[in-house]
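Q: sequence first, then the predicted structure, then my questions.
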There are 2 protein chains.
Amino acid sequence: MDSINGSEAPQESDVKSFFDSAPPLRDGDLICRKLKEFMDGIARSSESGSPVRVVCVTSGGTTVPLEQRCVRYIDNFSSGYRGAASTEYFVKAGYAVIFVYRRGSCQPYCSYLPQDSFLEFFDLTEDSSIQVCQSHATVVKKAIRDYRKAVDEGLLLKLPFTTIFEYLQILKLVATSMSCTGTHGMFYLAAAVSDFYVPWESMAEHKIQSAVGPLDMRLTQVPKMLSVLRREWAPSAFCISFKLETDPDILLQKADAAMRKYGMHVVIANALATYKEEVIFVTKGGRTTVRRHNKDSDLEEQLTDLLVETHSEYIKQPGVEL
Amino acid sequence: MDSINGSEAPQESDVKSFFDSAPPLRDGDLICRKLKEFMDGIARSSESGSPVRVVCVTSGGTTVPLEQRCVRYIDNFSSGYRGAASTEYFVKAGYAVIFVYRRGSCQPYCSYLPQDSFLEFFDLTEDSSIQVCQSHATVVKKAIRDYRKAVDEGLLLKLPFTTIFEYLQILKLVATSMSCTGTHGMFYLAAAVSDFYVPWESMAEHKIQSAVGPLDMRLTQVPKMLSVLRREWAPSAFCISFKLETDPDILLQKADAAMRKYGMHVVIANALATYKEEVIFVTKGGRTTVRRHNKDSDLEEQLTDLLVETHSEYIKQPGVEL
């Protein structure tokens, strides 16, 4: 396993102060109970056969509230498509998926949905019965069937978040629940996480008033939790993070830095302008460009195939460079 | 009609500089064409009967991009429920509605939808045909029927926006298209509009890098377009704006100020903690508290009833205080 350069890791005091100052997690008990049930189910399946692999897929952007009673917030752009689509392919490959997603972002098995109004989707027949438009019937049926199967077989748990506080609190709970899976656990961290936040206690309680003149804001850096995840929360798990940049010139350099700093096993580098067409799969051993075969194929399918394979190598020899 | 206090109106140069510096409106020509067709249809209906009333309902929050190739933005909280539900009631009352909404926010005739996954909504029968769960069939049928009727009768036009730039550009187009409706036009401005923005030209082109240390941002005030709408874009229309505050103590004072400053005919004041239960209907003539009858009723129905009535009075005597 990779060592993490201590000098680049976040100060423990920053991490502690982030969690200490965060508002209490809504439904924290419920989330813990769901996680326990899900992991118990996986443990039972693993006992009766080969160990079940578990992946935590994070998806969508996090928000940073600017006021405690939140009217305004800073958001990170992310439709959540990559995480949702990858979840389907991981389930298909036999993984149990904990899907940690931004409320309102793309959902697995729902990518065929019309964006704004699903009323366009239905017909009303002459005898007033509802039917799904013929043009969509096949994909909808497949989706319903696959979704029910994933849930019924205990292979899909969905946990929603909105703010950066909820996201990191939930990630910590998931990671510590998954630590028992050892090298069979994977983190596929596709969520677009805010780099900056306003500490809860220094936040305005009420809506910031638009007085005369400009608004000055000072945002604090979010401690880089990736290294805490690797070092403390789930030290044996196989970890993949994503690097999105708008400027392709600095992308690979940032991806290399992320791998080194946070001890990731794989960093998926993508540029905003081309992220649907190609990504670069970066490991310590080298770089592989993954390009979408054609416009009807899914880049996420190729990406998950490659990850499943790399994860297998990792399980066999966790200490060897990939 | 109310006069607007010139000294409190925004500087013309601020308004000009906002529009001049905004990025060009995507699909601007298409929006103009749709608006023209819609207004032509209304003109034809009005010729063959009594004049059709037209309301522009704005809904959902606007975003403020922090980078030109947008990864991060500031968002205003708003589900868009109020605008979507009110649209249904305005159509029911015979209004033609131009629904200017934030992409991804609530849609008219869709409020019964499950929030995150509409897969929960369907059953697959034994012979593999799709059906909507029995429990939802009645509301879904009504929604499909009402939606089709509104669209087929030319009473609903939907125009989406995301950023503050798009929102104000579209509002200007709608308002100038509607000016021919005179006092029969209404603006129901329920969108949560950003108070601050980063002028496009002073915006970072690429993703802001999370270097060491905090991020300082300076945001400029958005010019208050409400008074421009009243004074220039649609001077005869009946105008309703909304005031949302988290602090109930300053709410009414802010609502009064908005009415005075921007020449609104009605300001709907609501506090974040209770906005689903009650609103205060503020006019120059006084204040009326509108409370939801019970948990099965819709505050929006009561609110639109009151507005339709007040609009009728305004059409009869536009110069008289309401």
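A: Good, I have the coordinates. Owing to the predicted nature of the structure, the values given are computational and were not obtained by experimental measurement.
Q: ok so A:Phe18 is a helix residue?
A: Yes: checked against DSSP: H, G, I helix; E, B strand; the rest coil, A:Phe18 lies within a helix.
Q: was I right about it contacting A:Gln169?
A: No: using C-beta atoms under 8 Å as the test, A:Phe18 is too far from A:Gln169 to be in contact (9.8 Å). Heads up, the C-betas are built off the backbone N, CA and C, glycines and all.
Q: low-confidence ranges, chain A, go.
A: Scanning chain A with the threshold set as pLDDT under 70 gives A:1-10, A:70, A:112-123, A:207-213.
Q: let's check: the centremost residue of it is which one?
A: In chain A, the centroid-proximal residue (C-alpha atoms, centre = their mean) is A:Thr58; its distance is 1.2 Å.
Q: quick one: the strands in the stretch 101-250 of chain A?
A: A:122-124, A:130-132, A:156-161, A:185-189, A:196-197, A:215-221, A:238-245 (DSSP state E, counting those that start in this stretch).
Q: wait, does the fourth one contact chain B?
A: No: no part of strand A:185-189 sits close enough to chain B to count as contact by C-beta under 8 Å from any C-beta of the partner chain; the gap is at least 16.0 Å.
Q: distance of A:Glu232 relative to chain B?
A: The span separating A:Glu232 from chain B equals 22 Å under the rule C-beta to the nearest C-beta, to the nearest Å.
Q: pairing partners for the helix or strand hosting the residue nearest to the centre of chain A, with directions?
A: Using DSSP states H and E, A:Thr58 sits in strand A:54-59. Strand A:54-59 pairs in its sheet with strand A:96-102 (parallel), strand A:185-189 (parallel), by DSSP bridges.
Q: rewinding a little: what's the most buried one of the strands of the stretch 101-250 of chain A?
A: strand A:185-189 (a mean of 27; mean count of other C-beta atoms under 10 Å in any protein chain shown).
Q: ok, residues contacting that one?
A: A:53-58, A:83, A:86, A:90, A:95, A:175, A:178-179, A:226, A:229, A:234, A:236-242, A:307, A:311 (C-beta atoms under 8 Å, 6 or more residues apart in numbering or on different chains).
Q: which of those are buried? Put it as a PyMOL command.
A: A single PyMOL command is used to select the members of those judged buried by 16 or more other C-beta atoms under 10 Å in any protein chain shown:
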select buried, chain A and resi 53+54+55+56+57+58+83+86+90+95+175+178+226+229+234+236+237+238+239+240+241+242+307+311
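Q: A:Gly185 pairs with what?
A: On the basis of DSSP bridges, A:Gly185 is bridged to A:Val54.
Q: quick one: it and chain B, what's the gap?
A: A:Gly185 is 25 Å from chain B, by C-beta to the nearest C-beta.
Q: and for A:Arg53?
A: 24 Å.
Q: pretty sure that residue sits against A:Gly94.
A: Yes: between A:Arg53 and A:Gly94 a contact is recorded at 6.9 Å, counting by C-beta under 8 Å.
Q: leaving out chain neighbours, which residue sits closest to A:Arg26?
A: Distances taken as C-beta to C-beta, 6 or more residues apart in numbering or on different chains put A:Glu166 closest to A:Arg26, at 7.3 Å, once the chain neighbours are dropped.
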